[in-house]
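Mind folding the following:
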Amino acid sequence: MNEASLHFWEASDGVRLAYHELGQGRPVILLHGLFSDAEMNWIKFGHAARIAAEGFRVIMPDLRGHGQSDKPHGEQFYPKGILARDVRELITKLALEEFDLGGFSLGARTTVEAVGEGLRPRKAILGGAGLEGLRNWKRRKTFFVDAIAMFDSVQRGDPHWLSIQFMKSQKIDRVAAAQLLESFEDAFVSWLDAFTMPTLVVCGAEDDDNGSAEELANVLPNAIFEEVPGTHMSSVTKPQLGEAIARFLSA
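Okay, the predicted model is just below:
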């Protein structure tokens, strides 16, 4: 039950992408955050196993440029909206008709884009996301592009230092990561109107990296807000994150 299986598939542009699966039952797709992967966000700290225990087939892609997925170099592999496109293609490949969809940080932003452009999950989860972060994603993008540029020169205490240490621990391909970052745009506010399905907005008590998660929940048509312990970096290590998602999905 605790061992996720690894699978590979080919996107329409020929890029080989990975996804992990755990459990059986109604499908739920969970998308990881920037510079992370499915193992770090969902598997390592037990969230996937906790959700699977409620009778779910937990499907966790490694986004292109991350984890076990290919990390191609070339702007042609990172057009605008590529991550949401990959999610749509994976859903089609797996022939999923009814599913839940959510993500953490970049995964939440990708969920917003995918739903805003037409995907209709039964339930949605937005983790580590706030309204300001979605409205002004370009500011966050610039921060990370700068971090990649300063990868070998930043000293402890610099605002970019923690992000760079995380990139190093994850062995991030900086060329691919920088090109992927350039594919991101600010979320259209109209995308949020599409969240008519029950939606969980869940965020660490000390996480204001992407603005107010409670404010985001308040502007969505059908959302609840839940706070869990931790910062943007540490909340994914806390069991309360998986508990909150499992409770919401199984309700």
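
When you work out contacts or count neighbours from here on, use the C-alpha atoms and nothing else.
Noted.

where do the helices sit along the stretch 1-150 of the chain?
38, 47-52, 82-93, 106-116, 131-135, 137-149 (DSSP state H, counting those that start in this stretch).

residues near His247, how many?
One correction, residue 247 is Arg, not His. 12 (other CA atoms under 10 Å).

Now do the same for it: helix, strand or coil?
Classification of Arg247 using DSSP: H, G, I helix; E, B strand; the rest coil returns helix.

Next, work out how far apart it and Gly33 are.
Here Arg247 is placed at a distance of 21 Å from Gly33 (CA to CA, to the nearest Å).

Buried ones in stretch 215-229, by neighbour count?
Neighbour-count burial for stretch 215-229 flags 216-217, 220, 223-229 (criterion: 16 or more other CA atoms under 10 Å).

what's the average pLDDT for that stretch?
Averaging pLDDT along stretch 215-229 gives 97.

Contacts for that stretch, please.
Contacts with stretch 215-229, where a contact means CA atoms under 8 Å, 6 or more residues apart in numbering, come from 129-131, 192-193, 195-206, 213-214, 235, 238, 240-241, 244.

of those residues, buried ones?
129-131, 192, 195-204, 213-214, 235, 238, 240-241, 244.

and these, which of them are in helices?
Where the buried ones among the contacts of stretch 215-229 overlap with helices, as defined by DSSP state H, the overlap consists of 131, 192, 213-214, 240-241, 244.

Export those as JSON lines, with columns for distance to Glu39.
As requested, these are exported to JSON lines (distance: CA to CA, whole Å):
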{"residue": "Leu131", "distance to Glu39": "27"}
{"residue": "Leu192", "distance to Glu39": "28"}
{"residue": "Ala213", "distance to Glu39": "24"}
{"residue": "Glu214", "distance to Glu39": "27"}
{"residue": "Gln240", "distance to Glu39": "17"}
{"residue": "Leu241", "distance to Glu39": "15"}
{"residue": "Ala244", "distance to Glu39": "19"}
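
Run through the bridge partners of Arg57.
With DSSP bridges as the criterion, the beta-bridge partners of Arg57 are Pro27.

what's the closest non-adjacent residue to the residue nearest the centre of the chain?
The chain has Gly107 as the residue nearest its centroid, 1.6 Å off, counting by CA atoms, centre = their mean. Leaving aside its chain neighbours, Gly107 sits nearest to Leu31 (4.4 Å; criterion: CA to CA, 6 or more residues apart in numbering).

What of Gln24?
Arg57 (4.2 Å).

repeat for Met167
Leaving aside its sequence neighbours, Met167 sits nearest to Phe35 (CA to CA, 6+ apart; 6.0 Å).
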